[in-house]
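>>> Provided below for reference: sequence and predicted model.
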Amino acid sequence: MPDCPQCGTWNPDDKQVCWRCQTPLPKPEPRRARGPERRILGLPYWLWIVMAIILLVNLILPIIFSATP
């Protein structure tokens, strides 16, 4: 909820008038709904990316450090 347009006092979302000066408060703007979360086999998309990075690190690092000059 925005501050009171008359006195600038903060007011909770459930109030319709300013608690200090009794000025009517503007109605809050409705929040936009978030889109559906992308999922693959029931797991969030970002979790698959994290697991792929961990797998690649575990496959590549042993190859790099096991090579002898």
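All right, it came through fine. Note that the structure is predicted; figures quoted are calculated from it, not measured.
>>> So, low pLDDT: which residues of the protein?
Residues of the chain that meet the criterion pLDDT under 70 lie in 1-2, 67-69.
>>> quick check: domain ranges of it?
Per the record, the chain has its domains at 1-28, 38-69, by automatic domain parsing.
>>> Just say which of the ones you listed is most tucked in.
Among the domains of the chain, domain 1-28 has the highest mean neighbour count (mean count of other CB atoms under 10 Å), at a mean of 12. The C-beta positions use only the backbone N, C-alpha and C, and glycine is treated the same way.
>>> from the chain's centre, how far out does it sit?
Put simply, domain 1-28 sits 27 Å off its chain's centre (CA atoms, centre = their mean, to the nearest Å).
>>> now do stretch 59-69
For stretch 59-69 - counting by CA atoms, centre = their mean - the centre lies 38 Å from the chain centre.
>>> who's in contact with it?
Outside stretch 59-69, no residue is within contact range by CB atoms under 8 Å, 6 or more residues apart in numbering.
>>> quick one: the strands in this structure?
Assigned by DSSP state E, the chain shows strands spanning 39-40, 43-44.
>>> who touches the nearest residue to V17 once chain neighbours are set aside in this structure?
Excluding its sequence neighbours, the residue lying closest to V17 (CB to CB, 6 or more residues apart in numbering) is P24, at 5.5 Å. P24 makes contact with 16-18 under the criterion CB under 8 Å, 6+ apart.
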